[in-house]
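Undergrad: Quick one: sequence and predicted model below, then my questions.
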Amino acid sequence: MAENYPTPHNAAKLGDIAETVIMSGDPLRAKFMAENYIENPVQFNGVRGMLGYTGTHNGKPVSVMGHGMGIPSIAIYTYELFNFYNVKTIIRVGTAGCIQPGMKLGDIVFAQAACTNSNYLAQYDLPGTFAPIADFGLLNKAVESCRKLGYGYKVGNVLSSDIFYDENEGWRKWQNMGVLAIEMEATALYSNAIKAGKQALCILTVSDSIVDGTATSAEERQRSFTHMMDVAFSLL
């Protein structure tokens, strides 16, 4: 069988990437994790500016990598990692806008499942509506870690939306169905993981409230956005 690596999107060779990858939409956040959470990081990718690094955390192998914005972008990177690079676990750390009253800026949201308005799931040609969900083992371990660390959190459904600027305030209908927050990638991550027989979890930080229009400051982002990283790296 022909080798599927390097790919047009990833310069890594087989073995350059650990079995567990912690990913973020912003490649500079991946660089931050490499510099602050990883011992002896080695860069394996810089194609299209999507930085990736491999090293160890407390002696355990781990990689970090950006995945870009939106379902099409994360779908490409995670598909390749799961199917071409023998990655077993992907944990996404990202931001979300909360749509439920009473949620706090900086809270962690564990995406137990991911609704979507994307057409991504149509490719599976299923006789119904598929519900992409997190790996329960990862989710359970992450919640326990969050409790021990004392971070505020919620567990529930999120919406992976293709729409950032919503002209029709469609979020209100998702709010009525109990969805906690809106992000843009979890559906593809979970679907790719399930199809490949692998594990995935999406850990989010509430960066803004769509309900009341409040948002975190640059200082608050710097101080609280590392909480989700603490939880992610505790899962190794």
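TA: Yep, that arrived. Just so you know, these numbers come straight off a predicted model, no measurement behind them.

Undergrad: Can you find the helix or strand in this structure with the smallest mean pLDDT?
TA: helix 218-224 (a mean of 75; mean pLDDT, DSSP states H and E).

Undergrad: got the buried residues for that helix?
TA: Neighbour counts over helix 218-224 (16 or more other Cβ atoms under 10 Å) mark R221, S224 as buried. (Glycine included, C-beta is placed from N, CA and C.)

Undergrad: quick one: contacts of the helix or strand that that helix is followed by?
TA: Using DSSP states H and E, the helix or strand that follows helix 218-224 towards the C-terminus is helix 226-234. Defining contact as Cβ atoms under 8 Å, 6 or more residues apart in numbering, one finds that helix 226-234 is touched by 22, 33, 36-37, 57, 62, 91, 93, 106, 108, 142, 145-146, 149, 151, 203-205.

Undergrad: Please apply the same query to stretch 132-148.
TA: Contacts of stretch 132-148 (Cβ under 8 Å, 6+ apart): 89, 91, 108, 110-114, 116, 121, 153, 155, 186-187, 190-191, 193-194, 199-203, 231-232, 234-235.

Undergrad: Provide a complete list of residue ranges assigned to helices in this protein.
TA: Secondary structure of the chain (DSSP state H): helices at 27-37, 71-84, 136-149, 171-176, 186-196, 218-224, 226-234.

Undergrad: among these, which is the most enclosed?
TA: helix 186-196 (a mean of 25; mean count of other Cβ atoms under 10 Å).

Undergrad: That helix to helix 71-84, inter-axis angle?
TA: 20 degrees (axes from the mean of the first three to the mean of the last three Cα atoms, to 10 degrees).

Undergrad: V93 and N192: what is the separation?
TA: 17 Å (Cβ to Cβ, to the nearest Å).
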